[in-house]
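Provided below are the primary sequence and the corresponding predicted coordinates.
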Amino acid sequence: DEPEWHAADREEDEGIGNGELFDVGLEGLDRLSIALGGNAVMPIANQILPAFLQDQDWKKRHSALMTLAQIAEGCVKVMSKAISWTVDICV
């Protein structure tokens, strides 16, 4: 855990502890999913994300949820067809 997180109480503090490459990674996932589309991205996500979502390490669960959020725009058609899977792995 980042000690700064425990003291963060304002909206401006929400990015504390993310690291300098956090936003770059999010933007990269977004652009990749839009460029390649859901048919290319979702099979890989289907293999990797369930294990991350079930891991005891909260950082892995967080990264999986952030990945789903970032690839959603580019994968919306494929994710919509498998919405129950998407919800099931998150819950």
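Yes, it's here.

ranges for the helices of the protein?
3-7, 22-36, 38-54, 58-71, 76-81, 83-90 (DSSP state H).

mean pLDDT lowest for which of those helices?
Among these, helix 3-7 carries the lowest mean pLDDT, at a mean of 58.

tell me how many other residues crowd the residue nearest to residue 79 when sequence neighbours are not counted.
Nearest residue to residue 79 in three dimensions, chain neighbours excluded: residue 86, at 5.4 Å (C-beta to C-beta, 6 or more residues apart in numbering). (Each C-beta comes from the backbone N, C-alpha and C, glycine too.) Using other C-beta atoms under 10 Å, residue 86 has 20 neighbouring residues.

separation between residue 86 and residue 21?
Residue 86 sits 26 Å away from residue 21, taking C-beta to C-beta, to the nearest Å as the criterion.

coming back round to it: isn't the residue nearest to residue 79 up against residue 76?
No - at 10.7 Å, residue 86 does not count as touching residue 76 under the criterion of C-beta atoms under 8 Å.

identify the contacts common to these two.
Contact criterion C-beta atoms under 8 Å, 6 or more residues apart in numbering; no residue bridges residue 86 and residue 76 by contacting each.

residue contacts, residue 36?
residue 74.

distance of residue 71 from residue 27?
According to C-beta to C-beta, residue 71 stands 12 Å off from residue 27.

one more: residue 69?
From residue 69 to residue 27 the distance is 12 Å (C-beta to C-beta).

can you check residue 87 too?
Residue 87 is 25 Å from residue 27, by C-beta to C-beta.

next one: residue 79
Here residue 79 is placed at a distance of 19 Å from residue 27 (C-beta to C-beta).
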